[in-house]
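A.B. asks: Give me a model of this one.
(2 chains)
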Amino acid sequence: MSTIFHDSPAGRPATLSQRIISHGKYEASTMLRNGEQLVLMAVMPLLGLLALVATPLLDDMGHSRVAIAAPGILALCALSTAFTGQGIATGFDRRYGVLRFLSTTPLGKGGLIAGKVIAVLVVLLLQMVFISTVAAFMGWRPPLSGILLGIPLLILGAAAFTAIGLLIAGTVRPEATLAITNLGWILLAAVGGIVLPAGKFSSSMEAYVQWLPSGALGNLMRAALIESRLDVWGLIILLAWGVLATVAALKWFKWN
Amino acid sequence: MTNTLSPALVISGLIKDVGPVAGLDGRMKRVISNISLTAHFGAVTALLGANGAGKTTTIECAQGLQPRTGGEISLLGQDPHKADAGLRAKVGVMLQDGGLPPSARPIALLKHVASLYENPLSVSALVDRLGIGDFADTTIRRLSGGQKQRVALAASLIGNPEVLFLDEPSAGLDPQSRLMVFELIRELRDSGKAIILTTHLLDDAQRLADYVYIVDKGESVAEGTVQELLEQSTAALSKRALTFEASPQLDTEPLLRSGISCSESRPGSYTLTGELTPVDVGNFGAWCASNNIMPTSIHLASQSLEDVFLSISGAGAGNETRGNL
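C.D. replies: Next up, the predicted model:
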């Protein structure tokens, strides 16, 4: 008879950092192996960038097409990965009891969320490198100060969209999460001020769209990467969305 | 180091409300009204009851997965709802629905779960022990129910826990896998672990459990060793059933006496029920001999935990529930 249970020491947890990093790696590899998510995270932003640079849509805005398009496309990456991708994955993890099982392991609920955030950041980093490299080949030369300002803003945007995605995934059925986050991605990408400034369409629309997290992140990224400027109003709006969504997710997220 | 003389799990007067429930005008529904149990190291403690009796809710409260409305729970001396990583590492959980991501491969998942522990069991040893090797690289969504069950069991064991919760561990298993899982559970018990399992299968409880709590409508209605429970119910003890198959439409009148009845459920299939004594069994043999009857099958059913359950819960004596509550 096997003695594997007799011969081994009783259960002890790995260190907190080991657990979180391990789960972050696992979540990131799961996201990167998912073909549908890759389309959402890489192919769609790339097509968006190519389309905006190839067409005259951005011609009358005072800067080169790629200079205006690239910041918005980077913000779109955060929306794709943190909101739609992570929201859908979490919704189905919840359906299959994966969240409940992992919360009984030493990882716990806090570690599980931290691992998901790490996975979002890892994937976002890969997206940034990919999109920035393509944009650079198209002539994008953002100022260094703008880059240093833009990176933490993009992380903040990812955090806010992760909280919103988790709020949806933790409160409605996975099929509804799938519908809401996909529809949300399409609407926010098209008219949410993330890829294109809402003022491009109409000033009345801009008045509404600036209050959306997408509009706020789009404006923040464009201000940072084009003018090396911090859009304080956009920062306040994005922070407010992040805080409200986090509080709501903590209150209403259902693990079962 | 855990004191193995103390109970691994103590639940006292557990109360659990869920809701608000639309059908109750938005009021809360009480699903557990009074459950108390104690589980010791080196023993298999079973919660036995019909579907919806409250078994899973009880152990999910004990695992810290659900908050309780009232009562006390002590898991390894701590409140499971406030469990830290140290406590969670000592507790293995196999959920009823598995909790496995469909897109994952068993070997990758087990390695990931192992990475959450300081000194996990060898993944390859566990894979071999549970016979997972043949499908270790197949995505979980393609596995059969029994294969998923084995992966979930392996995932619950990977940290070498001191306390193991198994929610319906034999559900969906083929007979061979079931025997293997039973053997593993006995081995885990013999290694000193506290095992708390739920089951609606009487046979599982009868074959595995050192101590059984019968749960009905959110209350623990009886407890004891299997033998003690059998002895608790004199009504169940006194009942036997002798079934036999022979030619149809036989005259069974000579077999009857007060308290003994005989029915022919289908042509040639007879059941003699009541407080059968050795004399009745002897009479049956003599009746066969004197009438030149050669039964094609004879079966004398002993009383089981099911009889006790039915006797205690008043769930009715329908044969359709035999072995599966």
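A.B. asks: Contact residues of the stretch 1-150 of chain A facing chain B?
C.D. replies: By the rule CB under 8 Å from any CB of the partner chain, the part of the stretch 1-150 of chain A lying against chain B is A:1-2, A:4-6, A:8-16, A:18-19, A:22-23, A:26, A:30, A:33-34, A:92-93, A:96-98, A:100-108, A:111. Quick note: C-beta positions are derived from backbone N, CA and C, even for glycine.
A.B. asks: Try it again at 6 Å.
C.D. replies: Taking CB under 6 Å from any CB of the partner chain, the part of the stretch 1-150 of chain A that reaches chain B is made up of A:2, A:4-6, A:8-14, A:19, A:22, A:26, A:97-98, A:100-101, A:104-107.
A.B. asks: nearest residue to the closest residue to chain A within the stretch 51-200 of chain B other than its sequence neighbours?
C.D. replies: Taking CB to the nearest CB, chain A has its nearest neighbour within the stretch 51-200 of chain B at B:Gly99, 2.8 Å off. Nearest non-adjacent residue to B:Gly99, counting by CB to CB, 6 or more residues apart in numbering or on different chains: A:Phe101, 2.8 Å away.
A.B. asks: doesn't that neighbour fall inside a helix?
C.D. replies: Yes - assessed by DSSP: H, G, I helix; E, B strand; the rest coil, A:Phe101 belongs to a helix.
A.B. asks: pLDDT score assigned to it?
C.D. replies: You'll see A:Phe101 listed with a pLDDT of 93.
A.B. asks: That one - how many residues pack around it?
C.D. replies: Neighbour count for A:Phe101, taken as other CB atoms under 10 Å in any protein chain shown: 25.
A.B. asks: now do the one 3 residues further on
C.D. replies: Other residues near A:Thr104 come to 25 when the count uses other CB under 10 Å.
A.B. asks: quick one, what contacts the nearest residue to it once chain neighbours are set aside?
C.D. replies: Closest residue to A:Thr104 apart from its sequence neighbours, by CB to CB, 6+ apart: B:Val93 at 4.0 Å. Applying CB atoms under 6 Å, 6 or more residues apart in numbering or on different chains, we find B:Val93 in contact with A:104, B:63, B:156, B:165.
A.B. asks: Report how many residues lie close to the residue of the stretch 51-200 of chain B closest to chain A.
C.D. replies: For B:Gly99, using other CB under 10 Å, the count is 22.
A.B. asks: Can you tell me the element the residue nearest to A:Thr104 falls in?
C.D. replies: Here B:Val93 sits within strand B:91-94, counting by DSSP states H and E.
A.B. asks: Let me know the average pLDDT across that strand.
C.D. replies: 95.
A.B. asks: So what are the sheet partners of it and their directions?
C.D. replies: Strand pairing for strand B:91-94, determined by DSSP bridges: strand B:163-167 (parallel).
A.B. asks: residue contacts, the residue nearest to A:Ala89 when sequence neighbours are not counted?
C.D. replies: Nearest residue to A:Ala89, sequence neighbours excluded (CB to CB, 6+ apart): A:Met31, at 6.8 Å. Neighbour list for A:Met31: A:37, A:119, A:123 [criterion: CB under 6 Å, 6+ apart].
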